[in-house]
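# Here's my sequence, what's the structure:
(one chain, ligands or ions: 3)
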Amino acid sequence: MVLPRARGLVAVARAAQGRRRVDSAEGCPSPEPASRRAALYVHWPYCEKRCSYCNFNKYVARGGVHEAALRHCLVTEASTLLRLSGVRRVESVFFGGGTPSLASPHTVATILEAVAKAAHLPVDAEVTLEANPTSAPGSRLVEFGAAGVNRLSIGLQSLDDAELQLLGRTHSARDGLRTLAAARRLFPGRVSADLMFGLPAQRLGPWLGQLRELLRHCDDHLSLYQLSLERGTALFTRVQRGAVPGPDPELAAAMYAEGRSLLRAAGFRQYEVSSFARHGALSTHNWTYWQCGQYLGVGPGAHGRFVPQASGGHTREARIQTLEPDNWMKEVMLFSHGTRKRIPLGELELLEEVLVMGLRTDVGITHQHWQQFEPQLTLWDVFGASEEVKGLQERGLLVLDHRGLRCSWEGLAVLDSLLLTLLPRLQEVWQQRSPRPEPGG
Ligand SMILES: C[S@@+](CC[C@H](N)C(=O)[O-])C[C@H]1O[C@@H](n2cnc3c(N)ncnc32)[C@H](O)[C@@H]1O
Ligand SMILES: C[S@@+](CC[C@H](N)C(=O)[O-])C[C@H]1O[C@@H](n2cnc3c(N)ncnc32)[C@H](O)[C@@H]1O
Ligand code: SF4
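Ligands and ions are numbered 1, 2, ... in the order given. Model (predicted):
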């Protein structure tokens, strides 16, 4: 049963307030330095069924999921990584997967409680849950709201039943729209939907028709994802065997171009390559990724980027947790975390990430933002004198001005090709820079 809108929302707000520490008597935030702040990602690794195109880290649990054990491990790992990182303020939480809407709301609530115990989780922090459409979405979504979730990302993928079947989805287009409607009633202004394009045999006109239909039903956030045909997936095999046509990259580019124009005309800001928002409904969690903020990755296969301050570290590390859930759980039981890989990021590597991630956004990289990562070489020093960069500016693809470096509207659609010029330029200038004094020397 779907609770009436007001009641559901009051329950959400009460639950959130009861659960989290309030900033101060006036509710004013006491900002922590960037090194003490992070976003937190939680990976739920299970799905009901494998979709034909997906190569994310997901499993179908044949004998059922041992949820109590998994919950215990997620809580343990979250607490450990918060301690190791020295992070005191968690600015957003994202439950992704896999299919985290298959987890029980109790699990989601328990993890959020543990995070709020180990660090400060502001009352208004964005807490997203990815939800797959179902035929009866209402009551579970209410419970997720009561558990502390305040944003939903619905994996709609398509509004065409034949396409959904090709993708191996478990829901119909009608289920997708119903789930979207239920989500909007409960989380108004805080619902996103993912739509894919560039599918085998998909045509421009009908796909634009889907997008127009979605515009009649959607909330304030949409993500458009071009199908990436991944080796090892069932769809890849079918294309290889000639059972279905391979995706057409030129047609996909036309879909992207028309789709983003349609969304712009409908009042959406394209704030990132795949992400569109109106009424300021940008995702703060994903924004942290694009701004190269710190984030902790909890759960099988989760990725993180942070400085392990508690062990005296000064270098940001890329961390990847063990992929396979049972192995990951064994490691968490033994060591309190299942970190499989720790890769210290060199200064140049970090700057490359700042460039690649920042240019995905419409704001690009401001001079202030760049300076936080590289105080000595300015964006002008790196890109100002390059003839190739000037060429990109003259072609109207790139802007370097008093605000910083960013793609134009046209440039954002061909970012990968711009990076073929920008990354080597950064590497070249970095190698030629004057040597820095040894630390402490
Ligand atoms: C990994 S899924 C997890 C969310 C949820 N399980 C679902 O399927 O809706 C997150 C999003 O990634 C996108 N995605 C997954 N595989 C993809 C692929 N091969 N190409 C493009 N997008 C993909 C889908 O749009 C999906 O909504
Ligand atoms: C493709 S994005 C979809 C975001 C959605 N459109 C939104 O606006 O919130 C989400 C997926 O990326 C992956 N993902 C995100 N952050 C991750 C991290 N830190 N570690 C591992 N996977 C991550 C997960 O598979 C997750 O389901
Ligand atoms: S697309 Fe989503 S539901 Fe489908 S297999 Fe991948 S993670 Fe699972």
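
# mind checking the SS state of Thr315?
Assigned by DSSP: H, G, I helix; E, B strand; the rest coil, the conformation of Thr315 is coil.

# for Gly64, same thing?
Following three-state DSSP, Gly64 is assigned to coil.

# So what does it have for phi and psi?
With angles defined as degrees, to the nearest 10, Gly64 sits at phi 90, psi 160.

# Look up how far ligand 3 lies from the residue nearest the centre of the chain.
The centroid of the chain falls nearest to Asn286 when counting by C-alpha atoms, centre = their mean (4.3 Å). In this view, Asn286 and ligand 3 are 17 Å apart by C-beta to the nearest ligand atom, to the nearest Å. Using the backbone N, CA and C atoms, a C-beta is placed for each residue, glycine as well.

# how many other residues sit next to the residue in the stretch 101-250 of the chain positioned nearest to ligand 2?
In the stretch 101-250 of the chain, the residue that lies nearest ligand 2 is Ser223 (3.4 Å; C-beta to the nearest ligand atom). Ser223: 20 surrounding residues under other C-beta atoms under 10 Å.

# and if you look at the one 10 residues further on?
Counted with other C-beta under 10 Å, residues neighbouring Thr233 total 18.

# And it, how close does it get to Ala201?
As judged by C-beta to C-beta, to the nearest Å, Thr233 and Ala201 stand 17 Å apart.

# Then Ser223?
As judged by C-beta to C-beta, Ser223 and Ala201 stand 22 Å apart.

# mind listing what's buried in the strand or helix carrying Leu419?
Per DSSP states H and E, Leu419 falls inside helix 415-432. The neighbour-count check on helix 415-432 (16 or more other C-beta atoms under 10 Å) flags Leu415, Leu418, Thr421, Leu422, Arg425, Leu426 as buried.

# what's the nearest residue to the third one if we skip its chain neighbours?
With C-beta to C-beta, 6 or more residues apart in numbering as the measure, Glu388 is the residue that lies nearest to Thr421, at 4.8 Å, once sequence neighbours are left out.

# Just the element for the one you found, please.
Glu388 belongs to helix 387-394 when assigned by DSSP H and E.

# ditto for Gly411
Here Gly411 sits within helix 409-412, counting by DSSP H and E.

# Can you give me the buried ones in that helix?
Buried, per 16+ other C-beta under 10 Å, within helix 409-412: Gly411, Leu412.

# Can you tell me what sits against that helix?
Residues from elsewhere that reach helix 409-412, judged by C-beta atoms under 8 Å, 6 or more residues apart in numbering: Gln270, Val273, Asp362, Leu392, Gly396, Leu397, Leu398, Val399, Leu418.

# Try it again at 6 Å.
For helix 409-412, the surrounding residues in contact (C-beta atoms under 6 Å, 6 or more residues apart in numbering) are Gly396, Leu397, Leu398, Leu418.

# surely the third one meets Leu392?
It refers to Leu398. Yes: look at Leu398 against Leu392 with C-beta atoms under 6 Å: they come within range, at 4.1 Å.

# Pull up the residues of this protein that are close to ligand 1.
Counting by C-beta under 6 Å from any ligand atom, the chain comes close to ligand 1 at 53-54, 56, 96-97, 99, 130, 132, 155, 157, 194, 196, 225, 227-228, 230.

# leaving aside the residues next to it on the chain, what's closest to Val356?
With C-beta to C-beta, 6+ apart, the residue lying closest to Val356 is Leu419, at 6.3 Å.

# which ones are touching the residue of the stretch 101-250 of the chain closest to ligand 2?
Ser223 touches Asp194, Ser274, Ser275, counting by C-beta under 6 Å, 6+ apart.

# so the first one bridges to which residues?
Here Asp194 shows beta-bridge partners Ser223, assigned using DSSP bridges.

# again, but for the last one
Beta-bridge partners recorded for Ser275 (DSSP bridges): Ser223, Glu272.

# ok, it - how many residues close by?
Ser275: 23 surrounding residues under other C-beta under 10 Å.

# Would you mind measuring from it to His369?
From Ser275 to His369 the distance is 18 Å (C-beta to C-beta).

# who are the neighbours in contact with the residue nearest to Trp370 when sequence neighbours are not counted?
Spatially, and ignoring its direct neighbours in sequence, Trp370 is nearest to Leu379 (5.2 Å; C-beta to C-beta, 6+ apart). By C-beta under 6 Å, 6+ apart, the contact set of Leu379 is His367, Trp370, Leu405.

# State the phi and psi torsions of the residue nearest to the first one when sequence neighbours are not counted.
The spatial neighbour of His367 that comes closest, neighbours along the chain excluded (C-beta to C-beta, 6+ apart), is Gly404 at 5.1 Å. Backbone geometry at Gly404, expressed as degrees, to the nearest 10, gives phi 150, psi -150.

# so Gly404 bridges to which residues?
Applying DSSP bridges, one finds that Gly404 bridges with Thr366.

# what's it in contact with, if anything?
Taking C-beta under 6 Å, 6+ apart, we find Gly404 in contact with Gly364, Ile365, Thr366, His367.

# number of nearby residues for the third one?
The burial metric for Thr366, expressed as a neighbour count using other C-beta under 10 Å, is 17.

# Quick check: pLDDT value at it.
For Thr366, the pLDDT comes out at 98.

# Quick one: name the residues of the chain near ligand 2.
Contact residues, the chain versus ligand 2 (C-beta under 6 Å from any ligand atom): 41, 43, 56, 96-97, 128, 130, 153, 192, 194, 223, 283, 286, 295, 297, 302-303.
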